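**Student:** any chance you could fold what I've pasted below:
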Amino acid sequence: MPAQAQINALPEIRAGLSARGVDDATNLLDAKSITDANIELLFTAPDLNAWTVISELRPHIGATLNFRGQDSYGYAGLS
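**Tutor:** As a prediction, this is how the structure comes out:
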């Protein structure tokens, strides 16, 4: 039986927190300093890789959420 190509349907997940007003390393993880959270999903799209020679193209979607009443936003593109 011929080998079938495997497609990984699960995305790579990236997440992070942003802190503002950090004066020194002691208050880096202070809950009062954390103002934003970011999450991003990177997908594999094998058909897009025919367009590039030096790397692979990966579609992504993400969002940054602000906890202090400022702008939150979403984004999408190719990485």
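
**Student:** give me the low-pLDDT residue ranges for the chain?
**Tutor:** 1-9, 24-29, 46-54 (pLDDT under 70).

**Student:** can you do 50?
**Tutor:** Regions of the chain meeting the criterion pLDDT under 50 cover residues 1.

**Student:** in this structure, which spans are strands?
**Tutor:** Along the chain, the segments classed as strands by DSSP state E run 12-19, 34-42, 59-66, 73-78.

**Student:** turn those into JSON lines, including mean neighbour count.
**Tutor:** Heads up, the C-betas are built off the backbone N, CA and C, glycines and all. Below are the strands of the chain laid out as JSON lines (neighbours: other CB atoms under 10 Å):
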{"stretch": "strand 12-19", "mean neighbour count": "12"}
{"stretch": "strand 34-42", "mean neighbour count": "15"}
{"stretch": "strand 59-66", "mean neighbour count": "15"}
{"stretch": "strand 73-78", "mean neighbour count": "10"}
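
**Student:** list the residues that contact Ile61.
**Tutor:** The contact partners of Ile61, by CB atoms under 8 Å, 6 or more residues apart in numbering, come to 40-41, 74-76.
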